[in-house]
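Novice: For reference, the sequence and a predicted model appear below.
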Number of protein chains: 2
Amino acid sequence: MFSQTEENYLKCIYLQLEKNAQSLVTTSVISEQMKTTAASVTDMLKRLSGKKLIHYKKYQGVLLTKSGRIKALSIVRKHRLWEYFLVEKLKFQWDEIHAVAEQLEHVASELLIDKLDVFLGRPKFDPHGDPIPDHHGKLSLHRLKNLSLLKPREKGKVAAVVEQDPDFLKHLERLQIQIETPIKVLDKAEFDRSMTISINGSGTVNISYDIAKNILIGK
Amino acid sequence: MFSQTEENYLKCIYLQLEKNAQSLVTTSVISEQMKTTAASVTDMLKRLSGKKLIHYKKYQGVLLTKSGRIKALSIVRKHRLWEYFLVEKLKFQWDEIHAVAEQLEHVASELLIDKLDVFLGRPKFDPHGDPIPDHHGKLSLHRLKNLSLLKPREKGKVAAVVEQDPDFLKHLERLQIQIETPIKVLDKAEFDRSMTISINGSGTVNISYDIAKNILIGK
DNA sequence: AAAAATATTTAGATTAGTCTAAAAATAAGT
DNA sequence: ACTTATTTTTAGACTAATCTAAATATTTTT
């Protein structure tokens, strides 16, 4: 049985490793993500290490142990299932749900999360397109391309977003970009790496490189 | 913004006052309900008093302030709405839900609880028959009689249960007694105050005084 | 009225989690 | 190689919440 704070740290480390599986996660990255001081992070890393949830090397960074990873996947599963519930059933907007799911994910009940999974029809992806681990911690992966790497005339559907900042998600909504939206690259400007894209086969819009790099495209 | 522990204490005090509005709530009653020591209770009561949530007199007991009562009603509302959700939507048994709702009730989001209320069809009572306060803290009351006080040939429907101990609720299930079940008193034994009742107009069963006193009957 | 029992509070200790400031380690620049 | 900058850790302090043991207040019994 772990505290909410411990669970949050494990989830944070897991998400960092999901982004970049090659490197250890550093104290300063965790400090930034958890919005706390470096000293607090060091304290907590020592504690998690003592509980055999992470491999921790001073000054070098951390990785999850097998049991740490299992625990982290469990939290991520809960987080994403609750996000699905909030959007599909309670009609939340996709930019409103993160903070609420951050609280719901700590409810300690296997039965609850299993029944919620069934109730929702065993969804494989959350409203941002991220994979929902199943009961055994397995997740569906789809091969996605970063929109910023697509060439003119290439196309596909929006499958996920990298960044989940509410302002960013609101901006996508204004552009009428959401999960499953068909996208085609029309042109790319080399001077600022912005791109012109068509949305839903009709609307044409220019988006910055910063926007494009946070959108993942699938078939 | 209050801690989960503070919210739990407020709820506990509120529920005691709901049972017996005439008297101050004592340290030992709270200690028993919260499963903690009398010293811990005294510490917390001092803290809640400092935050103007309770009126606290040493050695005499506590009452809720206006803002303490508002906060307590908010927690009770959340608890009971989540219990409704767990039974109606996720098909939990009514004896399985208390512990889960005890966690869900601390999710701090007004929007969440309002959307959940709408999603559930604005229920007035939880699965145990307890009234769910509305957005303004108002609750529907029905005049109920304790089953143990009914006389032979009096009848009505099960409207609520006083005790929510899971073993007790399971026992009622085995007797096929649940909310809305029609009950008629056939006989009362004076030596042990047990009573013979008919359930659903057909089944006849003898129940102890201890069972009867925990069932509330409405029209 | 006094003694005994019970309830409650106080004092001091503990753990979890946070912080600041200083010290130590590492990385970057010259 | 040395200096400077940055990152990280350590030490000690803080708050919240819990406890035990002892002291205090109240209630009950004699």
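Specialist: Great, that's in hand.
Novice: of all the residues in chain A, which ones are close to DNA strand D?
Specialist: If contact is defined as CB under 7 Å from any atom of the strand, the residues of chain A in contact with DNA strand D are A:26-28, A:31, A:38-39, A:41-43, A:45-46, A:58-59, A:61. Glycine gets a C-beta too; all of them are placed from N, C-alpha and C.
Novice: So what touches stretch A:134-146?
Specialist: Contact with stretch A:134-146 is made by A:69-70, A:73-74, A:77, A:114, A:117, A:122, A:124-125, A:131-133, A:156, A:159-160, A:162, A:212-213, A:215-218, as judged by CB atoms under 8 Å, 6 or more residues apart in numbering or on different chains.
Novice: What subset of the residues you listed is buried?
Specialist: Burial of the contacts of stretch A:134-146 was assessed by neighbour count (16 or more other CB atoms under 10 Å in any protein chain shown); the buried members are A:69, A:73-74, A:77, A:117, A:125, A:131-133, A:156, A:159-160, A:162, A:212, A:215-217.
Novice: Among these, which are located in strands?
Specialist: Filtering those for membership in strands, criterion DSSP state E, returns A:156, A:159-160, A:215-217.
Novice: isn't there a strand covering A:Leu63?
Specialist: Yes - following the definition DSSP: H, G, I helix; E, B strand; the rest coil, A:Leu63 is counted among the residues of a strand.
Novice: Give me the mean pLDDT for the longest helix along chain A.
Specialist: For chain A, the longest helix by residue count, based on DSSP state H, is helix A:66-88. Helix A:66-88 shows a mean pLDDT of 97.
Novice: which non-adjacent residue is nearest A:Val162?
Specialist: Using CB to CB, 6 or more residues apart in numbering or on different chains and skipping residues adjacent in sequence, the residue nearest A:Val162 is A:Asn214, 4.4 Å away.
Novice: OK, contacts around A:Lys46?
Specialist: For A:Lys46, the contacting residues are A:Tyr56, by CB under 8 Å, 6+ apart.
Novice: Now do it, the pLDDT please.
Specialist: Spelled out, the predicted local distance difference test score at A:Lys46 is 95.
Novice: cool, the one 3 residues further on as well?
Specialist: In this prediction, A:Ser49 carries a pLDDT score of 95.
Novice: which SSE is it in?
Specialist: In this assignment (DSSP states H and E), A:Ser49 forms part of helix A:38-50.
Novice: Put the alpha carbons of that helix into CSV.
Specialist: Taking C-alpha atoms only, helix A:38-50 is exported to CSV below (Å, rounded to 0.1, in the frame of the first residue of the first chain):
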residue,chain,number,x,y,z
ALA,A,38,15.0,19.2,-5.8
ALA,A,39,15.6,18.4,-2.2
SER,A,40,12.1,17.0,-1.8
VAL,A,41,12.7,14.8,-4.9
THR,A,42,15.9,13.5,-3.4
ASP,A,43,14.1,12.6,-0.2
MET,A,44,11.3,10.8,-2.0
LEU,A,45,13.7,8.9,-4.3
LYS,A,46,15.5,7.6,-1.3
ARG,A,47,12.3,6.4,0.1
LEU,A,48,11.1,4.7,-3.1
SER,A,49,14.5,3.1,-3.5
GLY,A,50,14.2,1.7,0.0
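Novice: ok, which stretches of chain A are helices?
Specialist: Counting by DSSP H, chain A has helices at residues A:4-19, A:27-34, A:38-50, A:66-88, A:98-104, A:110-119, A:166-174, A:209-212.
Novice: Check the gap between the residue nearest the centre of chain A and DNA strand C for me.
Specialist: The geometric centre of chain A, computed from its C-alpha atoms, lies nearest to A:Asp130 (CA atoms, centre = their mean), at 5.7 Å. Look at A:Asp130 and DNA strand C: by CB to the nearest atom of the strand, to the nearest Å, they are 24 Å apart.
Novice: do the same with A:Tyr9
Specialist: Note on A:Tyr9: its distance to DNA strand C, by CB to the nearest atom of the strand, is 8 Å.
Novice: While we're on the residue lying farthest from the centre of chain A, how confident is the model there?
Specialist: In chain A, the greatest distance from the average C-alpha position (CA atoms, centre = their mean) is reached by A:Phe191, at 30.1 Å. Model confidence at A:Phe191, given as pLDDT, is 88.
Novice: got it, and A:Glu163?
Specialist: pLDDT recorded at A:Glu163 is 87.
Novice: I'd say it and A:Asn214 touch.
Specialist: Yes - A:Glu163 is in contact with A:Asn214 according to CB atoms under 8 Å; the separation is 4.2 Å.
Novice: and the residue nearest to A:Val162, what is it in contact with?
Specialist: Applying CB under 8 Å, 6+ apart, the residues near A:Asn214 are A:161-163, A:168.
Novice: Quick check: phi and psi at it.
Specialist: Here the main-chain torsion angles of A:Asn214 (degrees, to the nearest 10) amount to phi -100, psi 10.
Novice: Spell out which residues of chain A are next to chain B.
Specialist: Proximity of chain A to chain B is assessed by CB under 8 Å from any CB of the partner chain, with A:86, A:89-92, A:96, A:99-100, A:103-104, A:106-109, A:111-112, A:115-116, A:119 identified as the residues in range.
Novice: From those, list the buried ones, please.
Specialist: Going by neighbour count (16+ other CB under 10 Å), those have A:86, A:89-90, A:92, A:96, A:100, A:103-104, A:106-107, A:109, A:112, A:115-116 buried.
Novice: can you put the residues you listed in a markdown table and add distance to B:Leu15?
Specialist: Compiled in a markdown table, those are given as follows (distance: CB to CB, whole Å):
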| residue | distance to B:Leu15 |
| --- | --- |
| A:Leu86 | 29 |
| A:Lys89 | 29 |
| A:Leu90 | 27 |
| A:Phe92 | 31 |
| A:Glu96 | 32 |
| A:Val100 | 26 |
| A:Gln103 | 23 |
| A:Leu104 | 24 |
| A:His106 | 24 |
| A:Val107 | 21 |
| A:Ser109 | 22 |
| A:Leu112 | 23 |
| A:Lys115 | 27 |
| A:Leu116 | 27 |
